[in-house]
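**Student:** Sequence and predicted structure below; questions after.
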Amino acid sequence: MDYIFIQDQETLDLVCARAARHKAIAIDTEFVRTRTLAPALGLVQLFDGHQLALIDPLAIDDLSSLTSLLVNPDVIKVLHSCSEDLEAFLATFSLVPTPIFDTQFAAGLLGLGTTMGYGRMIEMLLEITLEKGESRTDWLARPLSDNQCRYAADDVLYLLPAFEQLYDMVEARGKLDWVLSESASLSEKKKATMPAEYAYLQIKNAWKLSSQQLTVLKHLAAWRLTRAQQKDMALNFVFKEAHLFELALRMPQSKGALSRIHCLTPQERRLRPEILLDIIRQGLEEFDNTSSEAHIPRIKRLIDFPPYKQTLARLKHAAAEIAVEQGVSEEVIASKKQLNQLIKWHWFDIDECRVQGLKPDVLTGWRATYFEPVAQAVFN
């Protein structure tokens, strides 16, 4: 199918108005995210079953007709593995599409394969093999070649007929609400933000640190996250996570001590030493000026709790029973990571869900119906 490349508002408004009359539209994005914290949107692909449009967000100042379409409650937005697309929309428009039908989740729900790639899904459902020759394109560069545009167009051209098959099968199973709810829950997670003061919770091996070292790490991680947001830099391009941990572990308090931390990259060493030393000093002062009762508690791991294995086993057993009852795989019901998230929620005073204002995955959306009584039985 031929596509149109849209770089003016008038054509965009017309295409979006026509698309709004359809029950469902296929959507995809192309973006660049190499050194940046947020993805830079380079292209939006849209197919309503009649017109395939490639929308250039770099050329159009007013994209309100597109954003209105994205949040139109009467039009299902069909995406495949939508997690990164949601981030691109949030970064560019400060919104996420709704309602969303994620074909990857639908395929997993139907037992066709968990985390199935788009090409494999199209091959299975439509018996069409897609070319992947332009996957490394710089989508911010202009002009885009016809080959690049056709590669992008294929991502929505075949998505809509695949959706039609999956929609019918999911609806026949009575699980349409699961698919729509899954994406809605994911959208809420994407919109949540990690408070800078709790960024240290995401640092690997933080459990090895003392309360004093954790206080230093808290200041270092908050600085790194804030700088990344201000500069739109990927976190590890601001300062590598492992090196941040090393600073908190050794807590250098002089330029000489800082220079003896040999793992630091040339870019990290180009930072003025005073910046890092001042952050470390702030952490040490907070620790010294805080009562022992108010110190950051050492981070515990689930395996440090004697009842952990038994509790996880009970939750896995419950998830397996739900899976059999609902006729789906256990992976769809809950992963080990999601069950651990639930355990932390009940056992820890501070956890990543709580500080972001979220609930564990299994207590949100369609899973809550099944897991709320399970959680009550296990943890009470």
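**Tutor:** Thanks, I have it.

**Student:** and the residue lying farthest from the centre of the chain, what element?
**Tutor:** Residue farthest from the centre of the chain, counting by C-alpha atoms, centre = their mean, is residue 256 at 40.0 Å. Using DSSP states H and E, the element containing residue 256 is helix 255-259.

**Student:** Now the element after that helix, going C-ward?
**Tutor:** Remark: after helix 255-259, the chain's next helix or strand is helix 266-269, criterion DSSP H and E.

**Student:** Show me what that following helix is packed up against.
**Tutor:** The criterion is 3 or more C-beta pairs under 8 Å, 6 or more residues apart in numbering; DSSP states H and E, and there are no helices or strands that helix 266-269 contacts. All C-beta spots, glycine's among them, are computed from the backbone N, C-alpha and C.

**Student:** Give me the residues contacting that helix.
**Tutor:** Here helix 266-269 makes contact (C-beta atoms under 8 Å, 6 or more residues apart in numbering) with 237, 239-240, 243.

**Student:** Now with 6 Å, please.
**Tutor:** For helix 266-269, the surrounding residues in contact (C-beta atoms under 6 Å, 6 or more residues apart in numbering) are residue 239.

**Student:** Give me the average confidence score over that helix.
**Tutor:** Across helix 266-269, pLDDT averages out at 93.

**Student:** do the same with stretch 358-376
**Tutor:** On average, the pLDDT along stretch 358-376 is 97.

**Student:** What residue spans form the domains of this protein?
**Tutor:** Domain assignment for the chain by automatic domain parsing gives 3-191, 196-294, 303-379.

**Student:** Can you mark which positions in stretch 246-265 are buried?
**Tutor:** 247-248, 251-252, 258, 261, 264 (16 or more other C-beta atoms under 10 Å).

**Student:** Which one of those is nearest to residue 123?
**Tutor:** The nearest member of the buried residues of stretch 246-265 to residue 123, counting by C-beta to C-beta, is residue 264 at 46.7 Å.

**Student:** Which of the helices or strands spans the nearest residue to residue 17 once chain neighbours are set aside?
**Tutor:** Of all residues beyond its chain neighbours, the one nearest residue 17 is residue 65 (7.1 Å), with distances taken as C-beta to C-beta, 6 or more residues apart in numbering. If you go by DSSP H and E, residue 65 is part of helix 64-70.

**Student:** which residues are contacting that helix?
**Tutor:** For helix 64-70, the external contacting residues (C-beta under 6 Å, 6+ apart) are 12-13, 16, 19-20, 93, 97.

**Student:** how about it: buried residues?
**Tutor:** Under the neighbour-count criterion of 16+ other C-beta under 10 Å, helix 64-70 has 65-67, 69-70 buried.

**Student:** and the residues you listed as JSON lines, adding distance to residue 279?
**Tutor:** Output for those, formatted as JSON lines (distance: C-beta to C-beta, whole Å):
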{"residue": "65", "distance to residue 279": "46"}
{"residue": "66", "distance to residue 279": "42"}
{"residue": "67", "distance to residue 279": "39"}
{"residue": "69", "distance to residue 279": "45"}
{"residue": "70", "distance to residue 279": "40"}
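
**Student:** give me phi/psi at residue 341?
**Tutor:** Recorded main-chain torsions at residue 341 are phi -60, psi -40, according to degrees, to the nearest 10.

**Student:** okay but it is in contact with residue 358, surely?
**Tutor:** No. The pair residue 341 and residue 358 fails to qualify as a contact (C-beta atoms under 6 Å) at a distance of 9.5 Å.

**Student:** for the stretch 251-380 of the chain, what spans make up the helices?
**Tutor:** Shown for the stretch 251-380 of the chain, the helices assigned by DSSP state H, counting those that start in this stretch span residues 255-259, 266-269, 273-288, 308-326, 330-333, 336-347, 352-355, 368-379.

**Student:** Between the ones you listed, which one is closest to residue 57.
**Tutor:** Between those, helix 266-269 lies closest to residue 57; by C-beta to C-beta that is 30.6 Å.

**Student:** Please export the C-alpha coordinates of the closest one as CSV.
**Tutor:** Backbone C-alpha positions of helix 266-269 (Å, rounded to 0.1, in the frame of the first residue of the first chain) are rendered in CSV as follows:
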residue,chain,number,x,y,z
PRO,A,266,37.5,10.3,31.6
GLN,A,267,34.1,12.1,31.3
GLU,A,268,33.4,11.5,35.0
ARG,A,269,36.8,12.9,35.9
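
**Student:** If you count neighbours, what's buried in it?
**Tutor:** In helix 266-269, counting by 16+ other C-beta under 10 Å, buried: residue 268.

**Student:** how far is it from where the chain is centred?
**Tutor:** Averaging C-alpha positions (C-alpha atoms, centre = their mean, to the nearest Å) puts helix 266-269 29 Å from its chain's average.

**Student:** And stretch 101-118, by the same measure?
**Tutor:** That offset, for stretch 101-118, works out to 17 Å (C-alpha atoms, centre = their mean).

**Student:** Can you give me the end-to-end span of it?
**Tutor:** Taking C-alpha to C-alpha, to the nearest Å as the measure, stretch 101-118 stretches 14 Å from start to finish.
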